[in-house]
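J.: Could you work out the structure for the sequence below:
(one chain, ligands or ions: 2)
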Amino acid sequence: MDKINTKLVKIDPNNIDYEILSEAALIIQNGGTVIFPTETVYGLGADALNEDACDKIFKAKGRPSDNPLIVHITTMEELSELVDEIPQNAKILAKHFWPGPLTMILNKKDIVSYKVTAGLDTVAVRMPKNKIASELIKLSKCPIAAPSANTSGKPSPTNASHVVDDMFGKVDMIIDGGSCEIGLESSVIDITSETPTILRPGGVTKEDVEKLFGKCDYDPAIIKSDDKIIPKSPGQKYRHYSPKAEVILYKGNLYKIVNTIKNDCKKFIDAGKKVGIMATTQTKDFYNDGIIRIVGDRTNPITIASDLFNELRNFDALGVDIILAEAFDDRGIGKAIMNRLEKASSKKNELGKIKILLVCTGNTCRSTMTEGIMKSIINDKNLDIDVSSAGISAIKGDKASNNSVLVLNELGIDLSSHRAKQVTDKMLRESDLVLTMTKQHKDILLRSFKGLDDKIYTLKEFTKDNKSFDIQDPYGGNYDVYKSCSIELEIEVKKVLDILSISNTTEPCK
Ligand code: AMP
Ligand code: MG
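T.: Ligands and ions are numbered 1, 2, ... in the order given. As a prediction, the model looks like this:
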């Protein structure tokens with residue numbers, strides 16, 4: 001497209017310069033394009049009721065013509081002018097979430113052109129909260145169609161420098177109004193069916209909507225990554241949010257994610273690649289190689305949402321070839337974060353649960369009790385960890401010792417069905433982590449089986465107990481000996497699970 005003379009202006013959202021904003025409104029009224037901040041991401045706006053103006057949006061973005069635009073308004077009266085009728089559900093949602101990061105899909109009136117809706121009979125409408133955005137709509141005296149202000153396919157812009165990178169010379173005006181608060185695009189919710197359906201997850205979550213209506217569905221296309229399911233939201237069918245670098249996404253147990261990223265990072269660097277790691281406050285210290293950037297804090301996922309696109313663009317600015325990205329819990333706002341990361345990535349590594357093998361001598365006392373205690377906590381906390389146990393010289397089928405059964409019974413754990421197993425090469429290979437009860441067990445395994453060096457630890461070595469490496473053998477001892485052994489094991493098990501869940505206090509195990 002021909003280069004346009006772009007005017008770049010700055011507006012303080014807390015002290016709006018109305019002279020500049022009126023100039024922006026005049027551009028919109030005259031059929032031009034203005035990029036402005038919203039609380040989600042920057043929008044590329046034009047008069048929603050002017051087809052030629054809307055055409056300019058598609059051209060500037062290189063947006064496929066079958067991907068409809070969101071129309072931005074400031075009052076419910078404006079909504080009535082755009083849509084057939086406002087269903088009760090829409091009124092309730094508007095009352096709770098407008099102005100804010102919620103886009104509703106409703107049946108359109110004729111006044112809305114098929115250019116804006118990409119041929120659909122429905123229209124997407126949102127009432128933004130950002131003061132610059134809402135004042136601009138009011139001054140323009142028309143609804144403003146505004147998709148995210150990025151080149152199609154790239155991460156949405158969350159600050160003015162992102163916008164300048166993509167759009168300078170392609171629009172009439174860019175308003176720099178600082179960083180966007182939420183940092184991810186609005187939730188798109190279809191209200192035309194009886195049950196509200198989320199077509200694109202965002203700041204307003206499924207849980208938020210369920211609180212109001214009891215029920216809220218996800219469009220099947222955003223739950224399953226199956227190319228045969230056609231998304232109801234046309235935009236969801238495109239590769240999206242992609243930086244120049246290749247993004248590889250690692251899913252599963254976080255401890256496993258971190259270890260796999262560490263190994264892969266080394267391999268890619270050896271192959272001559274420049275590698276970026278998208279880490280979090282909790283995981284940053286585990287990594288030694290690559291360009292490590294923190295995308296936010298896992299205990300406060302809003303921080304991750306607001307920085308995600310910025311970090312994807314930062315990696316491009318740093319010139320990395322590959323970005324290794326950790327996955328996130330996909331509940332609440334996490335669903336929106338994962339939706340964007342899945343679309344940005346070209347490869348996904350499904351690592352699944354972490355598999356732990358506990359090893360002692362006969363597999364009737366120490367490793368058996370440890371397995372019982374660990375399984376009970378894993379079950380209570382719903383952790384993504386699998387655990388089993390075996391012995392170095394076990395007699396296959398032996399039951400757990402009487403005192404082991406007794407002391408664990410007092411913790412509500414039943415060992416009566418346990419049967420001893422002899423450790424095998426296959427068991428060791430299939431495990432991600434092998435924890436032995438003593439240093440001697442570890443040494444025997446290392447001598448007897450090859451290639452275990454990076455996954456075998458004594459239990460106390462793994463938990464960094466400075467006093468000793470060994471859990472003393474209670475075999476042949478009385479009830480008290482077993483009781484104190486089970487107390488010691490419970491303490492160690494809790495430490496292991498804390499490390500594997502990578503909590504705030506966890507230190508890297510080098
Ligand atoms: P953007 O404005 O770039 O954030 O993209 C707007 C999103 O809203 C895209 O994913 C569109 O597919 C979606 N959208 C807009 N209008 C409709 C509609 N009528 N039905 C379904 N999805 C829509
Ligand atoms: Mg977009």
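J.: For this structure, which residue gets nearest to ligand 1?
T.: Using CB to the nearest ligand atom, the single residue of the chain nearest to ligand 1 is Gly235, 2.2 Å away. Quick note: C-beta positions are derived from backbone N, CA and C, even for glycine.
J.: That residue contacts Asn67, doesn't it?
T.: Yes: the pair Gly235 / Asn67 is scored as a contact, 5.0 Å apart, by CB atoms under 8 Å.
J.: Of the two, which one has the most company?
T.: Gly235 (24 against 17; other CB atoms under 10 Å).
J.: Tell me the predicted confidence for the more buried one.
T.: On pLDDT, Gly235 comes in at 78.
J.: Please apply the same query to Pro68.
T.: Reading off the model, Pro68 has pLDDT 97.
J.: Which phi and psi values does the nearest residue to it once chain neighbours are set aside adopt?
T.: Leaving aside its sequence neighbours, Pro68 sits nearest to Ala118 (CB to CB, 6 or more residues apart in numbering; 3.9 Å). For Ala118, the backbone dihedrals (degrees, to the nearest 10) come out as phi 50, psi 40.
J.: ok, Ala118 - contacts?
T.: Ser65, Asp66, Asn67, Pro68, Leu69, Pro234 (CB atoms under 8 Å, 6 or more residues apart in numbering).
J.: Just give me the neighbour total for Asn402.
T.: Quick note: Asn402 (other CB under 10 Å) scores 11 neighbours.
J.: And for the one 4 residues further on?
T.: Neighbour count of Leu406, defined by other CB under 10 Å: 15.
J.: shouldn't it be in contact with Asn478?
T.: No: using CB under 8 Å, Leu406 is not in contact with Asn478; the gap is 10.7 Å.
J.: Against Asp55, how distant is the residue nearest to Pro68?
T.: For Ala118, the distance to Asp55 (CB to CB, to the nearest Å) stands at 12 Å.
J.: the bottom helix or strand of the protein by mean pLDDT?
T.: In the chain, no helix or strand scores lower on mean pLDDT, DSSP states H and E than helix 220-223, which sits at a mean of 86.
J.: Could you tell me whether Val123 really is in a strand?
T.: Yes: per DSSP: H, G, I helix; E, B strand; the rest coil, Val123 lies within a strand segment.
J.: contacting residues around it?
T.: Val123 touches Pro68, Val71, Leu82, Val83, Ile105, Leu106, Asn107, Lys108, Val112, Val116, Thr117, counting by CB under 8 Å, 6+ apart.
J.: Kindly report the same for Val171.
T.: Counting by CB under 8 Å, 6+ apart, Val171 has contacts Ile4, Thr6, Gly32, Thr33, Val34, Ile35, Leu44, Lys56, Ala60, Ala149.
J.: Could you rerun that using 6 Å?
T.: Thr6, Thr33, Ile35, Ala60 (CB atoms under 6 Å, 6 or more residues apart in numbering).
J.: Can you tell me which of the residues you listed is nearest Ala400?
T.: Lowest distance from Ala400 to those (CB to CB) belongs to Ile35, with 68.0 Å.
J.: isn't Val163 right up against Pro155?
T.: No: counting by CB atoms under 6 Å, Val163 does not reach Pro155; the two are 11.7 Å apart.
J.: where does the chain come near ligand 1, residue by residue?
T.: 67-68, 70, 105, 117, 120, 122-124, 147-148, 185, 188, 199-200, 232-236 (CB under 6 Å from any ligand atom).
J.: For Gly391, which non-adjacent residue is closest in space?
T.: Per CB to CB, 6+ apart, closest to Gly391 is Asn363, 3.2 Å.
J.: thinking again about what came up before, C-terminal to the least confident helix or strand of the chain, what's the next element?
T.: strand 246-251 (DSSP states H and E).
J.: Parallel or antiparallel, list what pairs with that next one.
T.: Here strand 246-251 is paired, per DSSP bridges, with strand 322-326 (parallel), strand 347-350 (parallel).
J.: In a markdown table: these, plus mean neighbour count.
T.: A markdown table is the format used below for those (neighbours: other CB atoms under 10 Å):
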| stretch | mean neighbour count |
| --- | --- |
| strand 322-326 | 25 |
| strand 347-350 | 13 |
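J.: picking up where we left off before, list the contacts for the residue nearest to Gly391?
T.: So Asn363 contacts Ser389, Ala390, Gly391, Ala394, Ala420, Lys421 (CB under 6 Å, 6+ apart).
J.: switch the cut-off to 10 Å
T.: 371, 389-396, 398, 400, 418-423 (CB atoms under 10 Å, 6 or more residues apart in numbering).
J.: one step back: I'd like to know which of the contacts of Val123 are part of strands.
T.: Val71, Ile105, Leu106, Asn107 (DSSP state E).
J.: Cool, thanks, talk later.
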